[in-house]
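**Q** okay, here's the prediction I keep looking at, along with the sequence it came from:
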Amino acid sequence: NFVGEAMNRVVFIDPEGQRRPVDVPDGWTLLEAAIQNGVPGILGECGGSASCATCHVYLDETTAGQIEAPSDLEQALLSQAPAHLEAGRSRLSCQVTVSDRLTGCVVMVPDIQ
Ligand code: FES
């Protein structure tokens, strides 16, 4: 387990609309959190190296506005993702690192990657 590590509660909403609250240690990416907790709908085909765009998620607007904006590379990949792009909310989950700023974040998983 993660004794001694700070945990942050994040709520994934899977493509079926089911809420999946998970506790995520500081420093994990949202992709790692989804995979380790069996959240369906995120593929992460490139293993988190920002080269596939199959880890697209939508953050709630408040959280998205509180963290560092996506890089140009991330933005370019997002524009190739099959689910529609939501400006300000769409992120590659492998590029979002969890910290206390993500506590309470709602992460919606699109129904296509
Ligand atoms: Fe490939 Fe995120 S896992 S871009």
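**A** Arrived safely. Keep in mind the model is a prediction, meaning the values are calculated, not measured. Numbering: from 1, shown residues only.

**Q** center of the chain - which residue?
**A** What sits nearest the mean C-alpha location of the chain, by C-alpha atoms, centre = their mean, is Ser93, with 3.2 Å.

**Q** which positions in the chain make contact with the ligand?
**A** For the chain, the residues found near the ligand under the criterion C-beta under 6 Å from any ligand atom are 31, 44-46, 48, 50-55, 77, 92, 94. No exception for glycine: its C-beta is placed from N, CA and C like everyone else's.

**Q** hmm, back to that, so what's the residue count around the nearest residue to the residue nearest to the centre of the chain once chain neighbours are set aside?
**A** Spatially, and ignoring its direct neighbours in sequence, Ser93 is nearest to Leu30 (3.8 Å; C-beta to C-beta, 6 or more residues apart in numbering). Burial of Leu30 is recorded as 27 neighbouring residues (other C-beta atoms under 10 Å).

**Q** now do Asp60
**A** As a burial measure, Asp60 scores 15 neighbours (other C-beta under 10 Å).

**Q** what does Glu16 give?
**A** Neighbour tally, Glu16, other C-beta under 10 Å: 9.

**Q** check which helix or strand it maps to.
**A** Assigned by DSSP states H and E, Glu16 belongs to no helix or strand.

**Q** contacting residues for it?
**A** Pro40 (C-beta atoms under 8 Å, 6 or more residues apart in numbering).

**Q** got it, and His84?
**A** By C-beta under 8 Å, 6+ apart, His84 has no neighbours at all.

**Q** ok, it to the ligand distance?
**A** As judged by C-beta to the nearest ligand atom, to the nearest Å, His84 and the ligand stand 17 Å apart.

**Q** good, we can wrap up now.
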